[in-house]
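1. the following block contains a protein sequence and its predicted model.
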Protein chains: 2
Amino acid sequence: MTRIEIPRDSLFGTENLPYGVFSADGAEPRVGVRAGDSVVDLAVALGDEIFARPTLNAFMARGYDFWVETRRRVTELVTGEVPGEAVHPVERVRTHLPVEVADYVDFYASEHHASNLGRLFRPDAEPLLPNWKHLPVGYHGRAGTVVVSGTDIVRPSGQRKAPGEDAPSFGGSRRLDIEAELGFLVGTGSPLGSAVPVAEFSRRVFGAVLVNDWSARDIQAWEYVPLGPFLGKSFATSISPWVVPLLALEAARVPTPAQVPEPLPYLRESEPWGLDIDLSVSWNGEEVSRPPYREMYWSPAQMLAHLTVNGASSRTGDLYASGTISGPEKAQRGAFIELTWGGKEPVLVGGAERTFLEDGDEVVISATAPGAKGTRIGFGEVRGRVLPATGA
Amino acid sequence: MTRIEIPRDSLFGTENLPYGVFSADGAEPRVGVRAGDSVVDLAVALGDEIFARPTLNAFMARGYDFWVETRRRVTELVTGEVPGEAVHPVERVRTHLPVEVADYVDFYASEHHASNLGRLFRPDAEPLLPNWKHLPVGYHGRAGTVVVSGTDIVRPSGQRKAPGEDAPSFGGSRRLDIEAELGFLVGTGSPLGSAVPVAEFSRRVFGAVLVNDWSARDIQAWEYVPLGPFLGKSFATSISPWVVPLLALEAARVPTPAQVPEPLPYLRESEPWGLDIDLSVSWNGEEVSRPPYREMYWSPAQMLAHLTVNGASSRTGDLYASGTISGPEKAQRGAFIELTWGGKEPVLVGGAERTFLEDGDEVVISATAPGAKGTRIGFGEVRGRVLPATGA
């Protein structure tokens, strides 16, 4: 037996304890929990085969009471003694996609982001469309191209047509962008024909991850009418490997900004489920933005209620993301199209003026939030490097 | 051993032999092939455990050569002798969702449909948007709410706002509609970062099903800008239980309508893969439309090539549908919003004037196509009945 040393200011202390899927020493991927700079193999430490699997899905499907009980046992373990063979230094493990994603939905829940994009795309009209303050606008993305942090991103090819051009041309995207988002993982699904009330959010959602919703703005601009984004988004969506349990985010709860007009009854919440999470976006190692999640207009509970209000079922492994997180300040914008105002106001990266992503660029999104007992907890990071287009 | 009697004019003769998942006599669901009015249990008849599963996915994942070989063996079986215990009368089995759907994409490939909807939704503009003849417009739908024929459809609730109203109200959809479509099932997936050329279509796509893409037009009209359809579609998509192998559709191949302007090279085909399939839409037992698949502008091979041209991976079980099939004539329109011109030109159903779906209504979509040797082959049907909204 051994004791895990957790550095005093670790963002992965006992108030966090995120879950992920890791492999070490050539073994098969399995579920682990991160404590400080260690990863604990839960199948070995807790003796439960539900953790000897390559995704969190079976664990998540067991439901809320099992999540609470597991967190209690894990806390006991990492504050007491653990079998030595269950403990791996984090720098010695490889992390994998933590879940098998069922359906992936992307929302558009930041008023600042939606207003900025409205001004950029429709300069002569009201920035927000009439539906925006009545419902969390969203759409389905491609579940099969959700990848784990560290996966290289091949620049997508496709049809692009600049406003002045007569016809589209084919080639690698010239306006490759990021979107810094938070993603929520459904643990316990709901049947076809029934809606999930806002109050059930915390019993159905297992945890949260960071999301980089890579976006090819030129492909998107040409294709997106009238059925929405498709190939401009579907080439890759990266998520962070450590799933922060919703149970660890109680101390981060804050009210959302005031919602006016008052939403319809199915979207009204009696308790706040906005989240006080600070994100950071780094471009080739330089921080270029600090998006504040607390500014998001629609709450994660409202997004889930809306997603199911038409009777759509939900499943273990459903991932829904917030949409780009942008605050009111320029340095709080979570997409480069906003940060550089459509490419017209470059930012300095490594001393050079930059607008969209170049081959070889690397983007890292990280985040922290208040944890219980005055601590801070971390989400780790979602990282990706751009590789040149192939076959264009 | 026994011989299967196949009626001379059966739409399920030896040139069709569609696969599905069935259960009989209280046993677990497993893979079967339909021959005439019989269903042959393939795990029993061929002695291969790959068919003793509740979906076609494992079979489909084995790839093209295995599909060809299996079809050869199945043809031998049904024209020769079959173990008696492998044969079930079709009216004694229950059919199930034939695949575990990975990602679901819905296209918009009928020029007649897209033009009609353009005229209805944007009466003062060109009916087709500028991108439409350059690429197969599409979007991702909800894979988790694809259901098998026979599943009841609960009328979806949600936010609706009529043009004259100040604010949205909540309730059951007042404009519940259908879309008659054809769906294609990917058998062999493709990796992230690589595109599927048009020429690989017939080696990667396993077969086709009928699709009813139920649509709540009022929910859709209010929510769909700027990110496309979401809750107006995600409550249910029905598919037919028998998957017609692409190998059975060789005789149905026809060129698509002329494509002008010529598509970009990645969308050009050397051999035609349009399909001469006749659909029929029945509303409470009365045929109201006969949509012709041969009128579809974009071919299924072009849709798959487009779907992956940005490097998006594809997976066994991916389902992509054509979008509403409409021909040039009024009686060939595959959605009620077109057939009744936005509700302004009711059709007669059972002697009464009807526009959108009422509770208790039943819709059945069926289809036939030319088979080899001068035969005709059938797709069976996709059937669904509307139940009243709950909790509205």
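-> Done, it's in.
2. tell me the helix or strand right after the helix or strand containing residue A:20.
-> Taking DSSP states H and E as the criterion, residue A:20 maps to strand A:19-23. Later in the chain than strand A:19-23, the nearest helix or strand by DSSP H and E is strand A:30-35.
3. strand A:19-23 and that following strand, what's the angle between them?
-> Angle of strand A:30-35 versus strand A:19-23, following axes from the mean of the first three to the mean of the last three Cα atoms, to 10 degrees, is 120 degrees.
4. parallel or antiparallel, list what pairs with strand A:30-35.
-> Using DSSP bridges, the strands paired with strand A:30-35 are strand A:19-23 (antiparallel), strand A:38-41 (antiparallel).
5. C-alpha coordinates for that strand, PDB please?
-> As requested, the backbone C-alpha atoms of strand A:30-35 are provided in PDB (Å, rounded to 0.1, in the frame of the first residue of the first chain):
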ATOM      1  CA  ARG A  30      -9.200   1.600 -18.400                       C
ATOM      2  CA  VAL A  31     -10.900   4.000 -16.100                       C
ATOM      3  CA  GLY A  32      -8.700   6.100 -13.700                       C
ATOM      4  CA  VAL A  33      -9.100   9.000 -11.400                       C
ATOM      5  CA  ARG A  34      -6.600  11.800 -11.300                       C
ATOM      6  CA  ALA A  35      -5.300  12.900  -7.900                       C
END
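6. quick one, what contacts the residue in the stretch 151-300 of chain A positioned nearest to chain B?
-> The nearest approach of the stretch 151-300 of chain A to chain B comes at residue A:228, 2.2 Å away (Cβ to the nearest Cβ). To be clear about C-beta, it is placed using only N, CA and C from the backbone, and glycine gets the same treatment. Applying Cβ atoms under 8 Å, 6 or more residues apart in numbering or on different chains to residue A:228 gives the contacts A:139, B:139, B:224, B:226, B:227, B:228, B:229.
7. 6 Å instead, please
-> If you count contacts by Cβ atoms under 6 Å, 6 or more residues apart in numbering or on different chains, residue A:228 has them with A:139, B:139, B:227, B:228.
8. before we move on, what about residue A:192?
-> Per Cβ under 6 Å, 6+ apart, neighbours of residue A:192: residue A:313.
9. what does the one 10 residues further on give?
-> Contact criterion Cβ under 6 Å, 6+ apart gives residue A:246 as the residues in contact with residue A:202.
10. that one and residue A:311, how far apart?
-> Separation of residue A:202 from residue A:311 (Cβ to Cβ, to the nearest Å): 22 Å.
11. one more: residue A:51?
-> Counting by Cβ to Cβ - residue A:51 and residue A:311 are separated by 34 Å.
12. next: residue A:256.
-> For residue A:256 relative to residue A:311 (Cβ to Cβ), the value is 25 Å.
13. give me the more crowded residue out of those two.
-> residue A:311 (25 against 20; other Cβ atoms under 10 Å in any protein chain shown).
14. let's verify the more buried one: helix, strand, or coil?
-> Here residue A:311 is coil, with the state taken from DSSP: H, G, I helix; E, B strand; the rest coil.
15. how about it, what does it touch?
-> A:193, B:154, B:156, B:235.
16. can you pick out the most distant pair from those residues?
-> A:193 and B:156 (9.3 Å; Cβ to Cβ).
17. returning to what we had before: dump the strands paired with strand A:30-35 into TSV; add mean pLDDT as well.
-> Output for the strands paired with strand A:30-35, formatted as TSV (pLDDT from 0 to 100):
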stretch	mean pLDDT
strand A:19-23	98
strand A:38-41	98
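18. which of the ones you listed sits closest to residue A:125?
-> Ranked by Cβ to Cβ, the member of the strands paired with strand A:30-35 that lies closest to residue A:125 is strand A:19-23, at 43.7 Å.
19. buried stuff in that closest one?
-> Judged by neighbour count (16 or more other Cβ atoms under 10 Å in any protein chain shown), strand A:19-23 contains these buried residues: A:19, A:20, A:21, A:22, A:23.
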